[in-house]
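Asker: give me a model of this one.
(2 chains)
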Amino acid sequence: MKQKVFKFLGWVALLFGLFFCLVQSTVTAQAKTYQIGTDVTYPPFEFANKQNKYVGIDIDIMNAVAKEEGFKVNIKPVGFNAAVQSVQSGQLDGVIAGMTITPERKAKFDFGTPYYKTGVVMAVGKNSDIKSFKQLKGKRVALKTGTAAADYANSIKKKYGFKTVTFDDSNNMYEDVTTGNSVACFEDQPVMQYGIKQGLKLKIVSSPANTGWYGFAVKKGQNTELRKKFNQGLKKIQANGTYDKIVGKYLGNKTNPKVKGKTFTIGTNVTFPPFEFANKHNKYVGIDMDLIRAIANEQGFKVKIKPVGFNAAVQAVESGQLDGVISGMSITNERKAKFDFSQPYFMSGVVMAVGKNSKITKLSQLKGKRVAIKTGTSAADYANSIKKKYGFHTVTFDDSNNMYQDVTTGNSFACFEDHPVMKYAIKQGTKLKIVTKPAESAPYGFAVKKGHNQALLAAFNTGLKDLKASGTYDKIKAKYLGTDDNGSVAKTAADDAGSRSFFGLIKQNQGALLSGLSETMWLTVVSIFFATIFGVIVGLLGVVPSKFSNGLSSTLIYIFRGMPLLVLALFIYTGIPSLTGTKIPAFIAGVVTLTFNEGAYIAAFVKGGIEAVDPGQMEAARSLGLPFGKSMRRVILPQGIRIMIPSFINQFIITLKDTSILSIIGLLELTQTGKIIIARNLEGFKVWTIVAVMYLIIITLLTWLSNWVQRRTKV
Amino acid sequence: MSEKLRVTNLVKTFGTNNVLKGINLTVNENEVVVIIGPSGSGKSTLLRALNRLEEPTSGSIVIDNVDIASKGVDIDTVRENIGMVFQHFNLFSNLSVGENIMLAPVELKKETKEQASAQAKKLLKTVGLEAKFDATVQSLSGGQQQRVAIARALAMNPDIMLFDEPTSALDPEMVGDVLAVMKDLAKKGMTMIVVTHEMGFAKEVADRVVFVDDGQILEQGTPDQLFEHPKNERLQDFLNKILNV
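Answerer: This is a model prediction of the structure:
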């Protein structure tokens, strides 16, 4: 019944279309309303809904583009062939009808930017046993005239020995399969998917073949302005999310079933512009970030970005704390031993940069000079590999800004950096210049732990391929690097002069700074709480009359006081998970680290404080018949605690300051927040001043509180 | 006179240092025994071994027919019956005078707070410091602190009182008050073992004087026997030195 209605409507529409075309031809000169042809019924791209209104991906996109670009369209569902021919004959201005871009068609049409990716699939009856093309031998297959799917089927029909029957619309074709007249049909994947979703008794049995792109088409050499407008509008609706909404509305999100709906935690560098850096709103952007998000979007998974720093990210992936790392990571053989890499997504090369007024232009001029490099980068590897030859020595930094700074201040004479990174930094105002051509070009890849997260890796590769095909990849690259060397780099970090003042910086980064501060406070408070418990217990173990307890106490103090906080933090965050296989959230790892480290110090002075109480006090208590525990509690501890209080205050302040070290495991506390802000605006002095003052204020408040407590206990 | 305490073959060594070399001593009920001897002779160690503040290396200490030096003894219960007064008083500096006296009776559930407080006041009265109940330890003179320490030891109603040079750390004018309290205690029939250099006290109060040197008891007897007719050469030498200053 439905099909008949469609068919009827189709004819009506065609008649209307023809009528309008006639009218149109007379007023075409002034018309600002473009006549666009489309198929009668090609769901989900175009079809009449219950209210007999034409809707679908094509229709909605066309309307959205028109709205965005301020022109009017009159969409005519005249049927695919009619629409194509009408455009050819000049009766219609353009066609949007799930039209695959093919070389043949390009000879007669000018296509706009591809707007939808498709592929041909084979569908069979729900209960059919047919699974492969081979089983089609001698059988009848249904096709729809003039479609890419039909072209594909025709191209393989000899090879597999099947016969074809052609229909003019999809419904009839489907019908021919469901009734058993034909054993299979070939159709574009989204169309087939939508049909099955709507209740067609068919199933898809082949993976998409002959993948191609749908494009909006105008007659070759005609309507250039319309095509341009379409491209501009499409870009806009893709950027503002309208496009995704439209596609999602009809097909649900395009997904990869293996990763669909999953959330992957992806590590990245704190600051490696233009690949990753926090923008004004403290959102992580950059080529890597945009790419992974676009791929996630396309493949239907979610990503949680963890800007923990390059080394921490790599280690966290190794230990299984993170699922993958995208961090301008060069694919090297060494790394391949521990990671599985995606297809390369960016070609980079190492350049040497020197101070703006430096006279150094060649590697040979570096003899005996100091050169700044960044830990673990391929640029550093390159520098190290040539340092003997050119006789320079190196100094290593943990992030790019410090490295640049070392050169601009003149401490080092040059630095080595990946070309795009250096280029971007200079565009952002770093006072350096590039003096060599890119060397040691190495491709960047997305990495997962070897043998793990293969579905994610596969999804990344598929997504990357799709983004490259659709031009999204180039768009992302151009956004950060410009299209050519003189091109317009997006001024992501450009701030007006006002926001460069102290007040401006505070105002601009207020939210980030406060949230960093609150993370710092949380870490401090929670850590002090647990460290005190841990410290008091271990300290008491050190004074009870038991050799075993004393030994245990001394050992714990020895280990945790003897280990640098930084090492302990990395050990707990990345070391333990690689042994046990369980992830530890960064915040918990941070608290555990501080609990052990600060707790060891607390234990030491708790022990010392108790030991500092006159032994005669204990003797007197014991001589009265008081057991050890009671003597401790009623006589020794009250006196010992009084001795310990200044040490406690001291330790609390130290704990607060030590939270800054936890920035190494990516906790977004105050110091890390500062780093990130500086990575964006390069206002190191001012931002560090603000951060330092914030620490001082908090420490002053903490000291006041402590003194108040101390006074109260001294009664 | 019944036997209260018997020490047999008590030996205490610190590493290779033999501090007590086999002490045998018997103390009867209500007896006041004064231990004298040069410094370093082991007399303080002997006294501290009696409530096992120093753990004996070997030998036995029998109090009321129980060997308190043996392993299975709950020393805390034993100590409740043996009061001890230290050279440096060792009052609990985090507690007031009254709290010092009340702590053990209350903590060990011998008395309620009210009872303990009433008893503490009574004890303070007997040592002449009833006004100091609420005072802090730090506000007292040495002599006062020592008298509070005696009251604290008495609060547990001990059978035996040990005094470890109770007046050595005091200014001379304070000594009298403390000795007066001790004399008073002796008169009431307390069994007392006192390590002291106060020969006057020994002569006047002691039932028996014990001379210890080099970890051994070299002579013992009534004050008259020891001070007027010392037999041991080293005792004679010791008395010469301290009486003819």
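Asker: which SSE is B:S60 in?
Answerer: Secondary structure assigned from DSSP states H and E places B:S60 in strand B:58-63.
Asker: likewise for A:N181?
Answerer: Using DSSP H and E, no helix or strand contains A:N181.
Asker: does chain A sit close to the helix or strand that the strand holding B:S60 is followed by?
Answerer: Proceeding N to C from strand B:58-63, the next assigned helix or strand is strand B:66-67, under DSSP H and E. No - using CB under 8 Å from any CB of the partner chain, strand B:66-67 never reaches chain A; the gap is at least 15.0 Å. C-beta here means a position set from N, CA and C on the backbone, and glycine is covered the same way.
Asker: what lines up beside strand B:66-67 in the sheet?
Answerer: Strand pairing for strand B:66-67, determined by DSSP bridges: strand B:58-63 (antiparallel).
Asker: dump the strand it pairs with to PDB, keeping only the CA atoms.
Answerer: The C-alpha coordinates for strand B:58-63 follow below in PDB (Å, rounded to 0.1, in the frame of the first residue of the first chain):
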ATOM      1  CA  SER B  58      68.600 -14.100  87.300                       C
ATOM      2  CA  GLY B  59      67.500 -14.700  90.800                       C
ATOM      3  CA  SER B  60      64.200 -14.500  92.600                       C
ATOM      4  CA  ILE B  61      62.200 -11.700  94.200                       C
ATOM      5  CA  VAL B  62      59.500 -13.200  96.400                       C
ATOM      6  CA  ILE B  63      56.800 -10.800  97.700                       C
END
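Asker: correct me, but B:L140 touches B:K132?
Answerer: Yes - using CB atoms under 8 Å, B:L140 is in contact with B:K132, at 6.6 Å.
Asker: find residues that contact each of those two.
Answerer: Residues touching both B:L140 and B:K132 (CB atoms under 8 Å, 6 or more residues apart in numbering or on different chains): B:V97, B:V148.
Asker: with neighbour numbers in mind, choose between those two.
Answerer: A count of neighbours by other CB atoms under 10 Å in any protein chain shown puts B:K132 above the other of B:L140 and B:K132, at 21 against 18.
Asker: closest point of the stretch 151-300 of chain A to chain B, which residue?
Answerer: A:V270 (50.7 Å; CB to the nearest CB).
Asker: in which helix or strand does that residue reside?
Answerer: Using DSSP H and E, no helix or strand contains A:V270.
Asker: residue contacts, it?
Answerer: A:V270 touches A:E276, A:P307, A:V308, A:G309, A:D399, A:G666, A:Q672, A:K675, A:I676, A:A679, counting by CB under 8 Å, 6+ apart.
Asker: most surrounded residue in those residues?
Answerer: A:V308 (29 neighbours).
Asker: contacts only, for the nearest residue to it once chain neighbours are set aside.
Answerer: Leaving aside its sequence neighbours, A:V308 sits nearest to A:G666 (CB to CB, 6 or more residues apart in numbering or on different chains; 2.8 Å). The neighbours of A:G666, taking CB under 8 Å, 6+ apart as the test, are A:G267, A:V270, A:K306, A:P307, A:V308, A:G309, A:A312, A:A313, A:A586, A:Q672.
Asker: those in strands, which ones?
Answerer: When the contacts of A:G666 are checked against strands (DSSP state E), the matches are A:G267, A:K306, A:P307.
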